[in-house]
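Novice: Starting from these lines, generate the structure:
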Amino acid sequence: MKSQQRQRIIMVPYPAQGHITPMLQLATAFCDRGLQPVVVVPNFIYNRIVSRAKVDKGIVLESIPDGLEEDEQCNFFTIGFAMENYMPIHLEHLLRGFLEGDGVVCVVVDLLASWAIDVAGRCGIPAAGFWPAMFATYNLISAIPDMIRIGLITENGTPLHRGLARILPGQPMLNTEELPWLVGNSASRKSRFMFWLKTLHRSRSLPWLLVNSFSEGDDEEQLLTSPLVPHPRIFQVRPLTRQSKSNPSLWEEDRTCIDWLNSQKTSSVMYVSFGSWVGPIGDEMIRELALGLEATQRPFIWVLGATWRAGLPSGYLDRVAGHGKVVTWAPQKEVLEHVAVGCYLTHCGWNSTMEAIECRKPLLCYPVSGDQFLNCSYIVRVWGIGIQLDEMERTVIEDGVRRVMEDGAEMRTRVMDLKGRLMGKEARARAADSLTAFFDALDSHRAGIDDCLSCITSSV
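Specialist: Alright, predicted model coming up:
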């Protein structure tokens, strides 16, 4: 930045593991640029970060009340209610307090926490959006009005045609039943669709959007300036993972799995994790996955919370104790980096996908909801670094594991090449240049405001 160092930049992530991780990584990049990032989270997240997570020096954490009871279940709907009805007034109070001090350069808002855009506006602070997922998913959400116009979906987001469709040019085919808001029953789907419409409407007022994605060349650069998203201006800031030493896990990690991995042969272990939210899989699928992993007779680490272990077959943990390790939570990056791990069975969350590529692991994919289906399409159909399980059934799982572990030489070669393209020296330089361009745009914006104020003052 051209102005004095250590000015505050306020950052508001959506309060979930997959959003806080990249926001803290971006905060580290801001620290390196001489800014003072202040990451604002609701109380229930703050308490977890303070007790469990490692946050890079220089990042300030601030908590605001969320209105949630101590034992209240936190899900998409309870969090959404808190964000819309309880948290705005507390964020506004915090921002106005900062304005009375050294001021605020900008508020960076996770688009899924779009409520904070209006708060920044009321305080007269410029706001930039942050998209924590793949940029292709942002284009998909941005295309909602066009999908309605051409009759692909109704005004409530319900697909009017079933099957594969190429929704956007340059993107892989996607099943119309796999759109990001199609989760749960009809009422849930409608509510999620309304959430995306509100997010899309609010984001149109943003002058800038930082995306946790990357550029692979001319095609991606064209997408970044696509007529689909004429406003805001897009800045890709991926890769971020190498810029941060934070370990922002909100869950207690079982580190015994690292010692266990040390005793296994190179590339012999399956790592299985569906992230911090495994609800949609259900007991029956957990049972089938358990039996499929057992049938492979291969060593595996499976991240499975205690709540969902009721789906395990009777006596399962004792039967697999010799070659399988089931943990409540794992230090995922360390596990994926380990030479003993040969494959990752994943839900295809964006952070997990990027960590797998960084650690050069081929993927066995079973997307569950949200952006995971589009991520899976890129993994399987575009990048060729994994295969998709058509169903969670023991023989399908057993066959998928065999194909990746025994016949996956080409996938392993491609994932090594992909890591170089997406996270190598040139990619990091492009991301750094993009971040510099954002700061330049922010400086120009502030200079323009100062000029306007000078003109007003001189004319009075």
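Novice: what helix or strand is Glu62 on?
Specialist: Using DSSP states H and E, Glu62 sits within strand 60-64.
Novice: Within the sheet, what are the partner strands of that strand, with directions?
Specialist: Sheet partners assigned to strand 60-64 using DSSP bridges are listed as strand 36-42 (parallel).
Novice: What are the contacting residues of the partner strand?
Specialist: For strand 36-42, the surrounding residues in contact (Cβ atoms under 8 Å, 6 or more residues apart in numbering) are 6-13, 15, 20, 23-24, 27, 30-31, 49, 58-66, 68, 82, 87, 91, 94, 98. For glycine as for every other residue, the C-beta is placed from the backbone atoms N, C-alpha and C.
Novice: ok, now stretch 411-429?
Specialist: 214-216, 238-239, 241-242, 354, 356-358, 360-362, 383-387, 404.
Novice: give me that answer again for 7 Å
Specialist: Around stretch 411-429, the neighbours that count as contacts under Cβ atoms under 7 Å, 6 or more residues apart in numbering are 214, 216, 239, 242, 357-358, 360-362, 383-386, 404.
Novice: Then stretch 295-311?
Specialist: With Cβ under 7 Å, 6+ apart as the test, stretch 295-311 has contacts from 257, 264, 268-273, 278, 283, 286-287, 293, 323-330, 335, 394, 398, 401, 405.
Novice: So for it, what gets flagged as buried?
Specialist: By 16 or more other Cβ atoms under 10 Å, the buried positions in stretch 295-311 come out as 296, 298-304, 308, 311.
Novice: any idea which of the residues you listed is the one closest to Ser188?
Specialist: Closest approach to Ser188 among those (Cβ to Cβ): Trp308, at 19.9 Å.
Novice: wait, is the closest one part of a helix?
Specialist: Yes - the assignment for Trp308 is a helix, going by DSSP: H, G, I helix; E, B strand; the rest coil.
Novice: what about it, distance to Glu72?
Specialist: Remark: distance between Trp308 and Glu72 (Cβ to Cβ, to the nearest Å) = 20 Å.
Novice: Name the nearest residue to Asn328, sequence neighbours excluded.
Specialist: Not quite, residue 328 is Thr, not Asn. The shortest distance from Thr328 to any non-neighbouring residue, by Cβ to Cβ, 6 or more residues apart in numbering, is to Gly305 (5.6 Å).
Novice: so after the lowest-mean-pLDDT helix or strand in the chain, what's the next helix or strand?
Specialist: Using mean pLDDT, DSSP states H and E, the weakest-scoring helix or strand in the chain turns out to be helix 218-224, at a mean of 41. As assigned by DSSP H and E, the chain's next helix or strand after helix 218-224 is strand 233-236.
Novice: Now do the helices in the stretch 51-200 of the chain.
Specialist: Assigned by DSSP state H, counting those that start in this stretch, the helices in the stretch 51-200 of the chain fall at 76-85, 87-99, 115-122, 135-142, 144-149, 186-203.
Novice: I'd like the ones you listed written out as TSV, with distance to Leu164 added.
Specialist: What follows is the helices of the stretch 51-200 of the chain, written out as TSV (distance: least, Cβ to Cβ, whole Å):
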stretch	distance to Leu164
helix 76-85	27
helix 87-99	39
helix 115-122	35
helix 135-142	14
helix 144-149	15
helix 186-203	20
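Novice: Throw those helices into CSV and include mean neighbour count and distance to Glu155, thanks.
Specialist: Formatted as CSV, those follow (neighbours: other Cβ atoms under 10 Å; distance: least, Cβ to Cβ, whole Å):
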stretch, mean neighbour count, distance to Glu155
helix 76-85, 16, 20
helix 87-99, 17, 27
helix 115-122, 20, 23
helix 135-142, 21, 16
helix 144-149, 15, 6
helix 186-203, 16, 9
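Novice: Output these in TSV; the columns should cover mean pLDDT and distance to Leu179.
Specialist: Below are the helices of the stretch 51-200 of the chain laid out as TSV (pLDDT from 0 to 100; distance: least, Cβ to Cβ, whole Å):
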stretch	mean pLDDT	distance to Leu179
helix 76-85	94	16
helix 87-99	95	28
helix 115-122	97	23
helix 135-142	94	8
helix 144-149	94	8
helix 186-203	95	9
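Novice: which stretch among those comes nearest Ala340?
Specialist: helix 135-142 (32.2 Å).
Novice: so what secondary structure elements neighbour the closest one?
Specialist: helix 186-203, helix 372-377 (3 or more Cβ pairs under 7 Å, 6 or more residues apart in numbering; DSSP states H and E).
Novice: Alpha carbons of it, in CSV - could you do that?
Specialist: The C-alpha trace of helix 135-142 is given here as CSV (Å, rounded to 0.1, in the frame of the first residue of the first chain):
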residue,chain,number,x,y,z
PHE,A,135,-14.1,-19.2,-9.4
ALA,A,136,-16.1,-21.4,-11.7
THR,A,137,-18.7,-21.8,-8.9
TYR,A,138,-19.0,-18.0,-8.7
ASN,A,139,-19.7,-17.9,-12.4
LEU,A,140,-22.3,-20.6,-11.9
ILE,A,141,-24.1,-18.6,-9.1
SER,A,142,-23.8,-15.4,-11.2
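Novice: in the stretch 351-460 of the chain, what spans have low per-residue confidence?
Specialist: Applying pLDDT under 70 to the stretch 351-460 of the chain flags the ranges 448-460.
Novice: That one: helices as residue ranges?
Specialist: Along the stretch 351-460 of the chain, counting by DSSP H, counting those that start in this stretch, helices occupy 372-377, 394-407, 409-423, 425-459.
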